[in-house]
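Student: Below is the structure, and that's it, no one-letter string:
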């Protein structure tokens, strides 16, 4: 506006005011006082606090910027004022309606009705806050307009969201359009002059305006020159493009020129290129009835358009006193909720979440937000202190504020209202056993517990859910619905209580006020599987998401273990001991063993054998169960529950094995409970009268046993030896040096031991007493000639299966091979064998290699019983029927006399008696000889040999010892009867240096006696007569020597 108009306006102001006052009396439908609203009432004073708008209900406005100066003419005027040359005009059916101005020729009729609402939110505003006010006006029976004015502090533009309704039947056509016009007399930062410009911005929107050049000329009209910072313009936004426009001399908009709002033709699309006093206008034409929406911006300052449309606050619309998560995002599109593809995902935008009113107090954590700091959808946690209705907002938005300020989404509508009820806050949940009457606050007393006790699979159970405040106290006023899940917590999630996936059980639970924050599940849980580690998770989804987990984990154990042991055909399990039970299992041989629980699903743990729970039947009786036997090795040491079982289980001992409760058990499955006493531990009942309660799968005092194992005592048996083995054998001959023994010689030393062995070849100590019935026999043969020698000839020490000191062994001793009255032998390839058998031939001696009556039996393979021989050779030796023989002699009484002595053995019927050259053991001493001097001679042949007038001497070593009688001397012709005391001593000895009459001693070789007086007589000592002083036949000499 030029200076002349300004002066004219001042002069006419009073006149116009009077005229208007008079007209007002004649037009009661028009308000006597125009309503005015302000946007950003404290702004417009600096480069950072935005624009300050005044908008009249007539659509006239003023804008203040930077230093609080007006940016439209008249710069000093604010609505209501006729000096303001701007407004929205409607051309309808040939008439232009709108506010009047100071230009005398411009006086259009005013709208039939017009109004404007207060700005919301109320002033003052702050950065990022978008205020809105709705301006409505219209023509009676004609077009109606609603403009939602929007301003976001501190942007340089005001947005008009317009809705234009042309009623049906209204006169409108292409020749007679309804035109919406908006015109301004601009005032560019204190100057009327400017340059016209029209261009497409970066968003492909038309901008029509005027700018202040750096000089007094207009360098460009189709773009903003570099360095231009002050522009007043209209900018397309959405819905409809400008139908026509002008940026021209200010007066042309109010006169009849081509840019006048009064003309019937469209605006002339004129863009001035001269530096003049300018104004701007845009028009939207409509040619048919209907409702039309479009929007545009009125820009005063920078033409920069924000990079995003709005800040969006996402909330639930309602909340309890629990924390409410407010999600914050920036959106490039105008729609609410924001399309995920339109969420800003670059840069950083900061600001503060706001809540009004201030009471009851609301806590924001944190109160500030940063979009793009660590997340492009950050969350602020809001928690109320009491019931109230609040409006959410944001301020202090960093950088360029959003185009459309703050918007909200509550899940169903674009509302920023949050209603907080007085329901106590639930910050967490706890699950605890129903049997535990007292809840413990673990935040104040962490050492206490809220246990969940061990449960039993396939058995109904419940527990309690407790709603907690953030302090850890019970939220006694809590009402709401929750989902209760049981999760397998074997692998704990991080963070705690972040369980995902499929729960093993799910229940829903609704709290009412009468529950006082603690409620038992409405229905039972029954799990068909066993679980070692479960945890309860409770989820509330409305009005806010709260998840809590039980502080305690618990196990769901299976039933007690059922053990089954069997061979392929027979059970290895027994009811009681019996040494004659028909069902037998060989010690160390494989049998099938399995362990099962009910249910079996989910439980495949290792059951470990506790050998302290094993005992064995006492072997001295089999009528009643009695422990005291030696406990062997039971395999397996670990048995997997509910598996197919194993076929190579074995037990290494004989008799019956007893498994006490818990022999096979798993102490680890319920570890989460046993460590805290939430089940019955073995230690807890060790000294009680019911020490097996720790295995219980029935409730005892409200608890199950911690350990999973066999609850029943079991008997396995009857176990028998796998085989007999020759453990040891030795033979020491009566004459070790010669390697032979005389029949009847008691110095034969034959020792052997048969042992009852298990499959591994280890002696079974319990094969004794009632449980040792093996028969041990022996066989004798010579040179494998097929002729058995009577076993009775072997003098065997009476024996049997060993006592405790040598249990499981049968010692065998023989000290003599008896000779017959009639000589037999010799047996120089004598073989002695043992045989052992039990259980009707099930248990045999291994390694058998002989049978006395069978020269071609098949030997067993090593360690086997696969041959058909019946005995095992334990010794081979030489056995001879022997005797000691003396031969009578005669000779001169003047010379010593040699007496022949020979050790003989029977060498067979064909050979008769032969010298035993092997006998270097039979030592005869002179004292063993008895010399008898008979006195029964006749007168013709008197015995002049008195006692011991000849004495015996022995020299040499067996078998070649020599006997010699000393010469009795002249006149002592006679005889003496000489014998050897091989058994009992008798007679007197005559040995040099021994007094006459000294008794002869016993040589103690009775097996060398013989029936010298004929067959069938008793065994006798050998004897001979030595005669001195006699000669042969008719010779008169006794000793003859020829000398040459």
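Tutor: Received it, and whenever you're ready, just let me know what you need. Because the structure is a prediction, the values reported are computed rather than measured.
Student: Just the endpoints, please. Distance across stretch 36-45?
Tutor: One end of stretch 36-45 to the other measures 20 Å (C-alpha to C-alpha, to the nearest Å).
Student: For it, list every residue counted as buried.
Tutor: By neighbour count with 16 or more other C-beta atoms under 10 Å, stretch 36-45 contains the buried residues 36-41, 43-44. To be clear about C-beta, it is placed using only N, CA and C from the backbone, and glycine gets the same treatment.
Student: Tell me which stretches of the stretch 1-150 of the chain form helices.
Tutor: Ranges of helices within the stretch 1-150 of the chain are 3-26, based on DSSP state H, counting those that start in this stretch.
Student: quick one: low-confidence ranges for it?
Tutor: Scanning the stretch 1-150 of the chain for pLDDT under 70 picks out 1-34, 102-104.
Student: Run through the strands of it in chain order.
Tutor: Secondary structure of the stretch 1-150 of the chain (DSSP state E, counting those that start in this stretch): strands at 36-39, 52-56, 61-65, 69-70, 86-92, 95-97, 113-116, 130-138, 144-152.
Student: residues in contact with stretch 475-484?
Tutor: Residues from elsewhere that reach stretch 475-484, judged by C-beta atoms under 8 Å, 6 or more residues apart in numbering: 320, 423-426, 429, 431, 465, 467-469, 506-513, 515-517, 521, 536-543.
Student: switch the cut-off to 6 Å
Tutor: Stretch 475-484 is contacted from outside by 424, 426, 465, 467, 469, 507-513, 516-517, 538-540, using C-beta atoms under 6 Å, 6 or more residues apart in numbering.
Student: measure residue 813 to residue 874 for me?
Tutor: Distance, residue 813 to residue 874, by C-beta to C-beta, to the nearest Å: 11 Å.
Student: Just give me the residue right at the centre of the chain.
Tutor: residue 490 (4.6 Å; C-alpha atoms, centre = their mean).
Student: give the contact list for that residue.
Tutor: By C-beta under 6 Å, 6+ apart, residue 490 lies in contact with residue 533.
Student: Report the secondary structure state of it.
Tutor: Assigned with DSSP: H, G, I helix; E, B strand; the rest coil, residue 490 falls in the coil class.
Student: Do me a favour and get the backbone dihedrals for it.
Tutor: phi -60, psi -40 (degrees, to the nearest 10).
Student: Model confidence score at it, please.
Tutor: pLDDT, residue 490: 90.
Student: For residue 650, grab phi and psi.
Tutor: Reported as degrees, to the nearest 10, the phi and psi values for residue 650 are phi -160, psi 160.
Student: what's around it, how many residues?
Tutor: If you count neighbours by other C-beta atoms under 10 Å, residue 650 ends up with 24.
Student: on that earlier part again, for the buried residues of stretch 36-45, give me a markdown table that also has distance to residue 334.
Tutor: Below are the buried residues of stretch 36-45 laid out as a markdown table (distance: C-beta to C-beta, whole Å):
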| residue | distance to residue 334 |
| --- | --- |
| 36 | 28 |
| 37 | 23 |
| 38 | 25 |
| 39 | 19 |
| 40 | 21 |
| 41 | 26 |
| 43 | 24 |
| 44 | 26 |
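Student: which of those lies closest to residue 684?
Tutor: Distance to residue 684, by C-beta to C-beta, is smallest for residue 40 among these, at 75.9 Å.
Student: That closest one and residue 49 touch, don't they?
Tutor: No. Shown here, residue 40 and residue 49 do not form a contact pair, counting by C-beta atoms under 6 Å, at 7.4 Å.
Student: Whichever strand or helix holds residue 715 pairs with which strands?
Tutor: Using DSSP states H and E, residue 715 sits in strand 714-720. Here strand 714-720 has these sheet partners by DSSP bridges: strand 573-574 (antiparallel), strand 585-586 (parallel), strand 655-659 (antiparallel).
Student: now the helices for the protein?
Tutor: 3-26, 671-674, 682-685 (DSSP state H).
Student: what is the mean pLDDT for the last one?
Tutor: Summarised as a single mean, pLDDT over helix 682-685 is 92.
Student: Could you pull out the buried residues of that helix?
Tutor: By 16+ other C-beta under 10 Å, the buried positions in helix 682-685 come out as 682, 684-685.
Student: Please apply the same query to stretch 487-496.
Tutor: For stretch 487-496, the buried set under the neighbour-count rule, 16+ other C-beta under 10 Å, comprises 487-489.
Student: and if you look at stretch 351-361?
Tutor: Buried residues in stretch 351-361, counted by 16+ other C-beta under 10 Å: 351-355.
Student: among those, which are in strands?
Tutor: Secondary structure from DSSP state E places 351-355 of the buried residues of stretch 351-361 in strands.
Student: Serialize those residues to a markdown table and add fields for distance to residue 1027 and pLDDT.
Tutor: Formatted as a markdown table, these follow (distance: C-beta to C-beta, whole Å; pLDDT from 0 to 100):
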| residue | distance to residue 1027 | pLDDT |
| --- | --- | --- |
| 351 | 154 | 92 |
| 352 | 154 | 94 |
| 353 | 152 | 95 |
| 354 | 157 | 94 |
| 355 | 155 | 95 |
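Student: Distance of residue 383 relative to residue 256?
Tutor: Computed as C-beta to C-beta, the residue 383 to residue 256 distance reads 66 Å.
Student: Same drill for those two, tell me which one is more crowded.
Tutor: More crowded of residue 383 and residue 256, by other C-beta under 10 Å: residue 383, with 20 against 10.
Student: what about residue 620, neighbour count?
Tutor: If we define neighbours as other C-beta under 10 Å, then residue 620 has 13 of them.
Student: Quick check, pLDDT for it.
Tutor: 92.
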